[in-house]
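Peer 1: coords please:
(chains A and B)
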Amino acid sequence: MFDFLEPFFFAVFSLGIIGAGVCVVMLRRITAQALLMALTFASMAGMFLLLGAETIALFQVLIYVGAITILILFGVMFTKQDDRGYALFFQKQTPWAAAFTLVIAVPVVFLAFSFKDAITPSGKGGDLIPLAGSLFTDYAFPFEIASVLLLAALVGAIVLVKRDEQ
Amino acid sequence: MPDYNLSYFYVFAFFLVGAGFVTGLLGLSRFIAPRKPSIEKSRTYESGEEPVGQAWGRYPSHFYIFALLFVVFDVEVIFLFPWAVLFRSLGWSGLIEMAVFILILVVGLFYAWRKQVLRWY
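Peer 2: Residues are numbered from 1 along each chain as shown, chains lettered A, B, ... in the order given. Now for the predicted structure:
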């Protein structure tokens, strides 16, 4: 009865990702670009939901739609308004960007065709309990390394800001 | 289509109702409100004063560190959620894992404190 819903929402989220992503690249209004990027992130959260990864979807909303968008908006607050003329500078990178996109897109397309079906969570708690179980037993070491990565980001940011102030 | 996706249909319904509410009310006010624009009305609002300079002001990059600190500790809190769900069954090993994880990040917080980036001035 609800078989039409999954392709429908896939189309909605695809439009959200591709449409908002194209707008982020093409528009010249930087605040609107930041908010459209948040829409891209939110649509990707919807994709995760369709794949049955609801925990990842909620983390996507918390970190990307919440924190990263705030970070980008903060970055907008620090840029000079007359810096926008330099946006044209990036146009020189178009062939490189196209080549790089191809290098990434081709394997992704092959992976997409080899993808069978999503494993949907069942039972109480959704996918959070299996995710937590594997994170704290099988992947305990990468989990600890994640904190080192965060520490590196933190120290790097402090060093950069402190250097600017001197 | 699994059943669980149907429960997220309500989330989507909430989203639709919220978006419809906002656009409906804004559209209504645009439709029924009298519009007589003047120079004074369309001027940038600055607490009732004459606006000085442009609305696009630059802030000291010092404040960026607060946004970055927020992101780092936001990601840390994210990892606390799955840990809290399995807190009892993980036992001591889970507690030690999370203690190491948080201690490594506390080092970063301590570094930020010593470098005086936490001071709001």
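Peer 1: show me where pLDDT drops low in chain B?
Peer 2: For chain B, the stretches flagged by pLDDT under 70 are B:1-6, B:121.
Peer 1: tell me the residue of it that sits nearest chain A?
Peer 2: Evaluated by C-beta to the nearest C-beta, chain B has B:Pro82 as its residue closest to chain A, separated by 3.3 Å. From N, CA and C alone the C-beta is placed, and that goes for glycine too.
Peer 1: which residue, other than its chain neighbours, is closest to that residue?
Peer 2: A:Ala132 (3.3 Å; C-beta to C-beta, 6 or more residues apart in numbering or on different chains).
Peer 1: now do B:Glu46
Peer 2: Here the nearest residue to B:Glu46 in space, its sequence neighbours aside, is B:Val52; by C-beta to C-beta, 6+ apart that works out to 7.2 Å.
Peer 1: any idea which helix or strand carries residue 16?
Peer 2: In the absence of a named chain, this looks at chain A. A:Gly16 belongs to helix A:5-26 when elements are defined using DSSP states H and E.
Peer 1: other chain: chain B
Peer 2: For B:Leu16, the element it lies in under DSSP H and E is helix B:3-32.
Peer 1: please name every helix or strand in contact with that helix.
Peer 2: Based on contacts counted as 3 or more C-beta pairs under 8 Å, 6 or more residues apart in numbering or on different chains; DSSP states H and E, the elements that helix B:3-32 packs against are helix A:5-26, helix A:30-50.
Peer 1: which one of those helices lies closest to A:Pro95?
Peer 2: Using C-beta to C-beta as the criterion, the shortest distance between A:Pro95 and those is 15.2 Å, found for helix A:5-26.
Peer 1: point to the residue nearest the middle of chain A.
Peer 2: For chain A, the residue nearest the mean C-alpha position is A:Phe41 (5.3 Å; C-alpha atoms, centre = their mean).
Peer 1: need the contact list for that residue.
Peer 2: For A:Phe41, the residues meeting the contact criterion (C-beta atoms under 8 Å, 6 or more residues apart in numbering or on different chains) are A:60-61, A:64-65, A:68-69.
Peer 1: the closest residue to chain B within chain A is in what secondary structure piece?
Peer 2: When you check chain A against chain B by C-beta to the nearest C-beta, the closest residue turns out to be A:Ala132, at 3.3 Å. Take DSSP H and E as the rule and A:Ala132 turns out to sit in helix A:128-136.
Peer 1: what is that helix packed up against?
Peer 2: Applying 3+ C-beta pairs under 8 Å, 6+ apart, one finds that helix A:128-136 contacts helix A:54-59, helix B:64-85, helix B:87-114.
Peer 1: state the mean pLDDT of that helix.
Peer 2: On average, the pLDDT along helix A:128-136 is 83.
Peer 1: and the helix or strand following it, how far out from the chain's middle?
Peer 2: Read in the C-terminal direction, the helix or strand following helix A:128-136 is helix A:140-165, with elements assigned using DSSP H and E. Distance, stretch centre to chain centre, for helix A:140-165: 19 Å (C-alpha atoms, centre = their mean, to the nearest Å).
Peer 1: and what of stretch B:34-44?
Peer 2: 32 Å.
Peer 1: now tell me what touches it from outside.
Peer 2: Contacts with stretch B:34-44, where a contact means C-beta under 8 Å, 6+ apart, come from B:51, B:55.
Peer 1: what about it, how long is it end to end?
Peer 2: Distance across stretch B:34-44, first residue to last, is 20 Å (C-alpha to C-alpha, to the nearest Å).
Peer 1: before we move on, the earlier item: run the contact check for the helix holding A:Gly16 versus chain B.
Peer 2: Yes: under the criterion of C-beta under 8 Å from any C-beta of the partner chain, chain B is reached by helix A:5-26 at A:5-6, A:9.
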